[in-house]
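>>> Provided below for reference: sequence and predicted model.
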Amino acid sequence: AVRSFCSTRGCWRCWRGTRLTRQDRTAVNRPNESRTSALQDPLTMDRLLHPSRDAPPPPQGLENVIIVDNVPVVPPSKVEKLTNALRKKFSPFAGPGENLKIEVPLATEPGPKGPETAGYIFIEFRTKAQANEAKLFGDGHAFDKKHKFVVNVMSDFDSILNTEEEWTAPSEKEFDDKEVLNWWLMDKACRDQFVTRVDAMTSVYWARRNDSSLVVEREGWSDRGVLWSPNGNYLATFHPQGIKLHGGRKWSMLRRFGHGGVTEIDFSPSEKYLVTFSSTGDGVGTCLIWDIKEGKKVSEMEVREKTAWPVLKWSHDDKYFAKLKDKKEGEEHHQAISVYSTPDFDMLDKKSIKIDNIQGFQWSPTDNIISYWAPEQEQGNMPAKIMLMAIPSREEISTNMMVLLKDCRMVWQKSGDYMCVSAERWVNKNKKNTYTQFLVFSMREKMIPCERIKVEDKIQNVAFEPVGSKLAVLVGETPRISLKIFGHEEGKLTELHTFDKVTANTIQWSPRGQFLVAAGLGSLQGVLEFFDTESNTSYNVGEHFMASTVQWDPTGRFVCSLVSCLNYTTDTGYYIWTFQGKLVQRELQKNFYQLLWRPRPLSLISKKQISSIKKNIKMYHNDFESEDRMAASAASEEVLKKRRDLTEAWEDFQENVLYRASKNREALLALRPPEDESTMNEIIETVDVFVREDVELFEQKIT
């Protein structure tokens, strides 16, 4: 489209466009031939390409106006409907209560069916920032299957029209030293970090045994909350116009992703991609996938039904992601899984994986394997099935059929060595009573054998040891809840130990294994019990009244329990405990929202090296003790220094006051009225002091 400027009015609404046909372009390339009427009036093509000096200058101050090309061409009767659809797309980037100004120009020549729009629109925002955010969102946005927007800011047209015909090589730029994203891993004391949000204040701290030192603190850093990336390199903040990623020692803004009204985000495991979700109501909305390093949108998906977040589930290496295929009208359950590959973001093999009545699926944490289950179908007399499927081959590597299955829950071990299925089954066909059966798949063994354990009592919670082979299960109902520890002995899964009378409904393993916390959250009033599964001992029982969440730090040294104002209005804050259950920090803060530990990337130390360190831990004991003493003495020295500073400040103040009093003494005495000795009364006060004398006799035998 070739655009011309109306010289009669100095506003962007007077811009008009002319679409060139193939015949028009031929006429432009052949200057000797006659031009079509579309190029003769009011401006010729020569004036468009080489404007004369007397031509009116382009309007100034148009940084807040964008041009959206490749808009559907519609007749005047449908302009209002088109405008409403476009307003819905771009209104999230305007301020609250602001009404977008949208201009839909008509083509200079009527189409085959009469007058029609020109195929592009103008949108005016209040500020330049809003226009830039809308450009980032709209450029490349698929309005429908046939129209993908091309968006530019009006102020960019000067640079486009004034582009030189001869290309000149750009000058070499000096090396720009980027922020070191994993700088916190180089801390000599190997401390961890955590972020808190209180009111509008977001703060990052170093975690220490007795107190936490502030790293950075900013007010209004985020509008809704914050989220760490899986490896801890980025801190994501929420804003009305989209998402920002921060990092490095200066905590500068590294990336910005324009997506208005984002309510949920999710990172891929390797931090290559970011998924943002904007809801239009009832869980329906749009998912955008962004390349984090490039800062560009790479894919877009519509969410047409309410689904548990995350909608898109990633494989461990970011090569694939999958989602449940949308249900068709009249269907009660999903019927397929759609798997997509990266970086092309095309559906694997161009078709979904058909699975009748699929209820849910999960990826293995370390392999490209999907686990899923589907209930039994009474009509076709088909039992329920629990499957393991390899991707991309779609090979079913393990199949288990079950009858009388009521519900199912799949739990993967963090190392991917085991997968546990907690299956709640009916006792008989009457479907009145149930029992629980555990299916444990050994993923590293041939043929993936499956062991089954039957439990008669109700299951409260199930959790796998992250780096071991133990399985912790909470069994029973309040007040008779037991913690059962299962493990592999001689290749079989057996019960290792049972802890009775446990007040808990949640299990949280240490990221390093061996230790766990059984927490009674919510209605159980925040009782925390700390266990060692190697020695089968309970270290301690603590309480954080009405605690709603329990989190381990990445190294397994500390446990944090917190009460958020999202759940309760009083006694909000957090406690920090050692892995043995000793309370070391207590912070009660009004309007406390969240606390998140900063994740660490996978360790570069091999399993063999870790085993060697554990065996020789006594060699490092003295070094650790000396470091602890130095840290304690440093803390004591800091307290003493503060006391000395306060004492010196008080002495300086006292000396200054005495100096000013002595200097002005005579002037102050002169201001006092003279005393009349005749009116003065002498007051004599007698004080009796009683002194008691105690005499003690000591008898010493002299030999």
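Nice, I can see it.
>>> residues of the helix or strand where residue 424 lies that come out buried?
Secondary structure assignment for residue 424, by DSSP states H and E: strand 418-426. For strand 418-426, a neighbour-count test (16 or more other C-beta atoms under 10 Å) marks 418-425 as buried. Yep, even glycine has a C-beta here, placed from its N, CA and C like the rest.
>>> Stretch 337-352 now?
337-342, 348, 352.
>>> Same question for stretch 82-91.
For stretch 82-91, the neighbour count (16+ other C-beta under 10 Å) marks 82-83, 86, 89-91 as buried.
>>> Just the ones of these in strands?
With DSSP state E as the criterion, strands contain none of the buried residues of stretch 82-91.
>>> Return the member of these nearest to residue 329.
residue 89 (25.6 Å; C-beta to C-beta).
>>> Against residue 126, how distant is the closest one?
Computed as C-beta to C-beta, to the nearest Å, the residue 89 to residue 126 distance reads 17 Å.
>>> Which element, helix or strand, includes residue 398?
Residue 398 is part of strand 395-402 when elements are defined by DSSP H and E.
>>> next SSE after that strand?
Immediately after strand 395-402, counting by DSSP H and E, sits strand 405-412.
>>> could you give the angle of the strand holding residue 398 to strand 418-426?
Between the axes of strand 395-402 and strand 418-426, defined by axes from the mean of the first three to the mean of the last three C-alpha atoms, to 10 degrees, the angle is 30 degrees.
>>> so what secondary structure elements neighbour the strand holding residue 424?
The elements that strand 418-426 packs onto, with contact taken as 3 or more C-beta pairs under 8 Å, 6 or more residues apart in numbering; DSSP states H and E, are strand 384-390, strand 395-402, strand 405-412, strand 434-442, strand 459-464.
>>> Rebuild these as TSV, extending it with mean pLDDT, mean neighbour count and distance to residue 602.
Formatted as TSV, those follow (pLDDT from 0 to 100; neighbours: other C-beta atoms under 10 Å; distance: least, C-beta to C-beta, whole Å):
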stretch	mean pLDDT	mean neighbour count	distance to residue 602
strand 384-390	93	20	23
strand 395-402	91	14	25
strand 405-412	90	17	16
strand 434-442	89	19	22
strand 459-464	90	20	18
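>>> low-scoring pLDDT stretches of this protein, where are they?
1-61, 283, 379-380, 632, 634-637, 675-683, 687, 689-703 (pLDDT under 70).
>>> Quick check: which element contains the most centrally placed residue in the chain?
For the chain, the residue nearest the mean C-alpha position is residue 227 (2.7 Å; C-alpha atoms, centre = their mean). Assigned by DSSP H and E, residue 227 belongs to strand 226-228.
>>> quick check, distance from the longest helix seen in the chain to the centre of its chain.
When the chain is scanned for its longest helix (criterion: DSSP state H), the result is helix 621-663. Distance, stretch centre to chain centre, for helix 621-663: 41 Å (C-alpha atoms, centre = their mean, to the nearest Å).
>>> returning to what we had before: who's the residue nearest to the centre of the chain bridged to?
residue 236 (DSSP bridges).
>>> Quick check: it vs residue 220, distance?
On the measure of C-beta to C-beta, residue 227 and residue 220 end up 17 Å apart.
>>> Check residue 196 too.
15 Å.
>>> The two: which is more packed in?
Shown here are residue 196 and residue 220; by other C-beta atoms under 10 Å, residue 196 has more neighbours (22 against 11).
>>> Now do the same contact list for that one.
Contact analysis of residue 196 by C-beta atoms under 8 Å, 6 or more residues apart in numbering lists 202-203, 205, 574, 589, 592, 594-595.
>>> and these, which are buried?
Buried members of the contacts of residue 196, scored by 16+ other C-beta under 10 Å, are 202-203, 205, 574, 592, 594-595.
>>> Looking at these, spot the one nearest residue 633.
residue 205 (22.1 Å).
>>> what pairs with the closest one across the strands?
Beta-bridge partners, per DSSP bridges, of residue 205: residue 194, residue 214.
>>> ok, how many other residues are close to residue 403?
Using other C-beta under 10 Å, residue 403 has 12 other residues around it.
>>> whoops, I mixed them up, residue 294
9.
>>> Tell me the secondary structure at it.
coil (DSSP: H, G, I helix; E, B strand; the rest coil).
>>> Let me know the distance separating it from residue 255.
Residue 294 is 9 Å from residue 255, by C-beta to C-beta.
>>> Was I right to think residue 365 contacts residue 414?
Yes: if you go by C-beta atoms under 8 Å, residue 365 and residue 414 touch, sitting 5.6 Å apart.
>>> Need the phi and psi values for residue 183.
With angles defined as degrees, to the nearest 10, residue 183 sits at phi -60, psi -30.
>>> And it, how close does it get to residue 233?
Residue 183 is 10 Å from residue 233, by C-beta to C-beta.
>>> Between the two ends of stretch 83-100, what distance do you get?
End-to-end distance for stretch 83-100: 10 Å, by C-alpha to C-alpha, to the nearest Å.
>>> Stretch 250-267 too?
Stretch 250-267 end-to-end distance (C-alpha to C-alpha) = 22 Å.
>>> now the helices for this protein?
22-29, 37-40, 45-49, 79-90, 128-138, 157-161, 607-615, 621-663, 665-671.
>>> Check those for me and report the most buried one.
helix 128-138 (a mean of 21; mean count of other C-beta atoms under 10 Å).
>>> How far off centre is that one?
Centroid separation for helix 128-138 versus its chain: 23 Å, with C-alpha atoms, centre = their mean.
>>> helices or strands up against it?
Applying 3+ C-beta pairs under 8 Å, 6+ apart, we find helix 128-138 packed against strand 65-69, helix 79-90, strand 150-153, strand 242-247, strand 252-258.
>>> about what we covered before: who has more neighbours out of residue 183 and residue 233?
Set side by side, residue 183 and residue 233 show more neighbours around residue 233, with 24 against 13, by other C-beta under 10 Å.
>>> Switch the contacts of residue 196 over to a markdown table; also include distance to residue 96.
Shown next, in a markdown table, are the contacts of residue 196 (distance: C-beta to C-beta, whole Å):
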| residue | distance to residue 96 |
| --- | --- |
| 202 | 22 |
| 203 | 27 |
| 205 | 33 |
| 574 | 33 |
| 589 | 29 |
| 592 | 27 |
| 594 | 25 |
| 595 | 30 |
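>>> Among these, which lie within strands?
202-203, 205, 574, 592, 594-595.
>>> for those residues, which one is nearest residue 371?
Set against residue 371, the nearest of these by C-beta to C-beta is residue 594 (30.4 Å).
>>> What residues are bridge-paired with that closest one?
According to DSSP bridges, beta-bridge pairing links residue 594 with residue 197.
>>> Now for it: which residues touch it?
By C-beta under 8 Å, 6+ apart, the neighbours of residue 594 are 196-197, 225-226, 562, 564.
>>> I'd like the helices and strands packed on strand 418-426 laid out as CSV, including distance to residue 607.
Output for those, formatted as CSV (distance: least, C-beta to C-beta, whole Å):
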stretch, distance to residue 607
strand 384-390, 24
strand 395-402, 25
strand 405-412, 19
strand 434-442, 18
strand 459-464, 17
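>>> Those: which one's closest to residue 176?
It's strand 405-412; of the helices and strands packed on strand 418-426, that one is closest to residue 176 (C-beta to C-beta) at 41.2 Å.
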